[in-house]
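Peer 1: Quick one: sequence plus predicted model below, questions after.
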Amino acid sequence: MAGPMVVCACVLNELIEVNDSKTYSEARRTEVFDYVMTKVRDFELVYVSPVVIDEVGLWFAWDVAVRDAIDRLRERVGCLPVIVDGSRITDEVQAISSMVGGDKSVKAIAAASVIAKVMRDTEMIDMSNKYPNYGFNKHKGYGVKDHIEAIQRLGPCKIHRMSFLTNIIKQHVP
């Protein structure tokens, strides 16, 4: 509901033991991030602002960000076949394919998910200093009870994705 979308593309130096970022606690994910960063040949991050997400929609923004991350990474490491988590991207010309559940079975996707999640969480912790009453350092902008209550009490701030808040704001207009 708040903050940027962070997309990561990465190339590993070797096959590593890593799982999807959602399977780790915050503390463990940070440890895994440190390990992953020692095994990554190269990576590219793309941040998509809440404003862009609201303007073009989450899935279009994601599609553009994924392709951008892949293109930037390929400029540095060369043309590689790419597997993207999910079912949305297939591009035979660019050797891009997608795999539902890829974050569970493709180690590079799992590593990219850890990198993206830790980088986004870091961004949200930084945002908690700018917007201290929203609790971004705790919930990282996700739609948990404390976050929803803060929005209802304070209204949205500049990093909220307004397109995600329509029901929350409608329900609590005085």
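Peer 2: Looks like it came in fine. All values reported here derive from a predicted model rather than from experimental measurement.
Peer 1: Poorly predicted segments of this structure, please.
Peer 2: 87-95, 170-174 (pLDDT under 70).
Peer 1: Make sure I have this right: Asp63 is in a helix.
Peer 2: Yes - counting by DSSP: H, G, I helix; E, B strand; the rest coil, Asp63 falls inside a helix.
Peer 1: Mind listing what's buried along stretch 23-32?
Peer 2: For stretch 23-32, burial by neighbour count (16 or more other Cβ atoms under 10 Å) applies to Tyr24, Arg29, Val32. Where C-beta positions appear, they are placed from N, C-alpha and C, glycine not excepted.
Peer 1: In strands, which of the residues you listed appear?
Peer 2: Among the buried residues of stretch 23-32, no member falls in strands (criterion: DSSP state E).
Peer 1: quick one, phi/psi of Ile70?
Peer 2: Here is the backbone geometry of Ile70 (degrees, to the nearest 10): phi -60, psi -50.
Peer 1: rewinding a little: from the buried residues of stretch 23-32, pick the one nearest Leu73.
Peer 2: For those, the residue nearest Leu73 by Cβ to Cβ is Val32; the value is 20.7 Å.
Peer 1: So which elements touch the longest helix along the chain?
Peer 2: Ranked by residue count and defined by DSSP state H, the top helix of the chain is helix 107-130. Where contact means 3 or more Cβ pairs under 8 Å, 6 or more residues apart in numbering; DSSP states H and E, helix 107-130 is packed against strand 5-12, helix 26-39, strand 40-48, strand 82-85, helix 102-105, helix 136-139.
Peer 1: give me every residue that touches Lys117.
Peer 2: Val6, Ser21, Lys22, Arg29 (Cβ atoms under 8 Å, 6 or more residues apart in numbering).
Peer 1: Quick one: closest of the helices and strands packed on helix 107-130 to Arg161.
Peer 2: strand 5-12 (8.9 Å).
Peer 1: Sheet partners, orientation included, of the closest one?
Peer 2: strand 40-48 (antiparallel) (DSSP bridges).
Peer 1: Flag every buried residue along the partner strand.
Peer 2: For strand 40-48, by 16+ other Cβ under 10 Å, it's Val40, Phe43, Glu44, Leu45, Val46, Val48.
Peer 1: my read: the fifth one touches Ile70, true?
Peer 2: Okay, so that is Val46. No - assessed by Cβ atoms under 8 Å, Val46 is found out of contact with Ile70, at 9.5 Å.
Peer 1: returning to that earlier point: Arg76: which of the helices and strands packed on helix 107-130 is closest?
Peer 2: Across these, closest to Arg76 is strand 40-48 (Cβ to Cβ), at 5.7 Å.
Peer 1: Show me what the helix or strand following the closest one is in contact with.
Peer 2: Using DSSP states H and E, the next helix or strand after strand 40-48 towards the C-terminus is helix 50-56. The contact list for helix 50-56, computed with Cβ under 8 Å, 6+ apart, reads Ala2, Gly3, Pro4, Met5, Ala61, Val64, Lys158, Ile159, His160, Arg161, Met162, Ser163.
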